[in-house]
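Visitor: fold the following and give me the result.
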Amino acid sequence: MTRNPSIPRLRKRTEWQNSKWHSHSHSSPRRGGSGPGGGGVGRSLGLIAQAAAMGMATMMMVSLYRRLRGMLLLGYDQTLEETDSDRAGRLAELKVADVFQSVPGVQVYSCLRIPDTGRRGRREIDIVLLLKRELYVLEVKNWSGEIRVQPDGSWCQIRRNGSIQTHPNIVEETKYRASLLESYITRRGVKLPQDFVQSKVVLMNEECRPEQAIMMQREVLLSDQWQNFLDRNSSKGFTGWLKKLVKPNTKTEGLNEATRKQLQFILSTAPTWDRLVLVGGSTFTGDFQRFKGTQEDLEALRGFKRSSYSQLLVSHQRSWLPQILGAIFGARPYVKLVLSSRDYRDGNPGWSDRKQQEVVNEETEVRSGLEIMFRVVGQSKLQSFPVNKVLSMSLSA
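Guide: Next up is the predicted model:
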């Protein structure tokens, strides 16, 4: 059998190729990776380096974006939003209070929290009006829809969208809170004349349609009656107008000047909710708890106590350049706080001339990352509000 001459040639070519590959493989490290294997490793290392650089650049851009968003877009990502119903109710109360404050001879006190020893808590009173011979406790409701009285005495609200909500009897509840206020005033040393304290429920929404049984109660002020007062809005017409609606033929004894001043002091120092106003207009009521921030900032605010201060105003830095530079280099800008001291003189007959000091405004600077820990009404957990999202905070006595 004759051998095929091509077979040896193929073997020799394969051995030559193998020997050539092995010689390159062994010699590539000594040649600095110039062979086929070394070139692949070099290219891989280059791709890895490029990917790492791109990753670091992306992380830096994300970090810069977060800093800029926190420093420039004030109030954008609020952790807690004021609901539409809460906002409408709050604006209604503010509107009523503002209207009465413009009437001469009427003193207005808002959002009082009166202790209720029987039920172990506090009851909030929307508005208190102090006149010469009367004190009115107002409950303001901005409800819409039909209002009906249930067999158990509660009120049923039927909204336009068909939803139903049950409320306690607001007239009786307001009377109860008025009695709590009178007891509170008595415990603090002022005995009021009989029938001096009256209660009133204001249904100020034009789309509120209470049934006849509610409309006939003299403690209820309807939207058209409220509008009638707005049209008149004079001190002479106000007293007779409101007295006629509440209790027509009652003549109450007035207060002497000393007792009236003492009553003013009691009402002005009665417990209320703290109020937090954010950039953008959202407002929250609740209890201020504490500050949270660096040791330096906490030390600067060590003396901030509700017994000494009544208000905190935040002055924001409006120049973009310092904020952008601070965001790039990781530094937080400073904000200026204006602290207003509390004035206990108003209505306090025992305040001596030696203590007649004007309200003092103090200024201090803190980092924008300082947080205000605030317990919002109706929330079980503390909410954190950075000062760069806050316009002001008012503290109750």
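
Visitor: low-scoring stretches of the stretch 201-350 of the chain, by residue?
Guide: Per-residue confidence of the stretch 201-350 of the chain (counting by pLDDT under 70) places the weak regions at 229-253, 317-332, 344-350.

Visitor: same thing but at 80, please
Guide: 227-254, 316-333, 342-350 (pLDDT under 80).

Visitor: can you pull out the helices in it?
Guide: Applying DSSP state H, counting those that start in this stretch to the stretch 201-350 of the chain gives helices spanning 212-215, 223-232, 235-246, 257-268, 295-300, 320-329.

Visitor: I'd like to know which elements the fourth one is packed against.
Guide: For helix 257-268, the packing partners by 3 or more C-beta pairs under 8 Å, 6 or more residues apart in numbering; DSSP states H and E come out as strand 107-116, strand 121-130, helix 170-187. Any C-beta I mention is one placed from the backbone N, CA and C, and that applies to glycine too.

Visitor: which parts of the longest one are buried?
Guide: Translated: helix 170-187. The neighbour-count check on helix 170-187 (16 or more other C-beta atoms under 10 Å) flags 170-171, 173-178, 180-182, 184-185 as buried.

Visitor: now render the helices and strands packed on helix 257-268 as JSON lines, adding distance to K200 and mean pLDDT.
Guide: Shown next, in JSON lines, are the helices and strands packed on helix 257-268 (distance: least, C-beta to C-beta, whole Å; pLDDT from 0 to 100):
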{"stretch": "strand 107-116", "distance to K200": "13", "mean pLDDT": "90"}
{"stretch": "strand 121-130", "distance to K200": "9", "mean pLDDT": "90"}
{"stretch": "helix 170-187", "distance to K200": "7", "mean pLDDT": "96"}
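
Visitor: a markdown table for these, including distance to E219?
Guide: Formatted as a markdown table, the helices and strands packed on helix 257-268 follow (distance: least, C-beta to C-beta, whole Å):
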| stretch | distance to E219 |
| --- | --- |
| strand 107-116 | 18 |
| strand 121-130 | 14 |
| helix 170-187 | 5 |
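
Visitor: out of those, which comes closest to V220?
Guide: helix 170-187 (6.6 Å; C-beta to C-beta).

Visitor: please work out which residues outside that closest one touch it.
Guide: Helix 170-187 is contacted from outside by 112, 114-116, 123-125, 128, 135, 137-139, 141, 153, 155, 192, 196-201, 214, 217, 219-220, 263, 266-267, 270, using C-beta atoms under 8 Å, 6 or more residues apart in numbering.

Visitor: buried ones from those, can you make that a ChimeraX selection?
Guide: If you want just the buried ones from the contacts of helix 170-187 in ChimeraX, going by 16+ other C-beta under 10 Å, the selection is:
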select :112,114,115,123,125,128,135,137,138,139,141,155,192,196,197,198,199,200,201,214,219,220,263,266,267,270
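
Visitor: out of everything not next to it in sequence, what's closest to G153?
Guide: Using C-beta to C-beta, 6 or more residues apart in numbering and skipping residues adjacent in sequence, the residue nearest G153 is N169, 4.9 Å away.

Visitor: how many other residues sit next to the one you found?
Guide: 17 (other C-beta atoms under 10 Å).

Visitor: pull the number of nearby residues for R260.
Guide: Neighbours of R260 (other C-beta under 10 Å): 17.

Visitor: oh, that last question was meant for L45, not what I typed.
Guide: The burial count for L45: 11, using other C-beta under 10 Å.

Visitor: would you mind giving the secondary structure of it?
Guide: With DSSP: H, G, I helix; E, B strand; the rest coil as the basis, the three-state label of L45 is helix.

Visitor: measure it to A52 for me?
Guide: 11 Å (C-beta to C-beta, to the nearest Å).

Visitor: wait, which of the helices and strands packed on helix 257-268 is closest to F291?
Guide: Nearest to F291, of the helices and strands packed on helix 257-268 and by C-beta to C-beta, is strand 107-116 at 22.9 Å.

Visitor: other SSEs contacting the closest one?
Guide: Strand 107-116 packs on helix 84-101, strand 121-130, helix 170-187, helix 257-268, going by 3+ C-beta pairs under 8 Å, 6+ apart.

Visitor: could the ones you listed go into JSON lines alongside distance to G162?
Guide: Conversion of these to JSON lines gives the following (distance: least, C-beta to C-beta, whole Å):
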{"stretch": "helix 84-101", "distance to G162": "16"}
{"stretch": "strand 121-130", "distance to G162": "28"}
{"stretch": "helix 170-187", "distance to G162": "22"}
{"stretch": "helix 257-268", "distance to G162": "42"}
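
Visitor: rewinding a little: report whether the expected contact of the residue nearest to G153 with P151 is present.
Guide: No. Contact criterion C-beta atoms under 8 Å: N169 and P151 do not qualify, at 11.9 Å.
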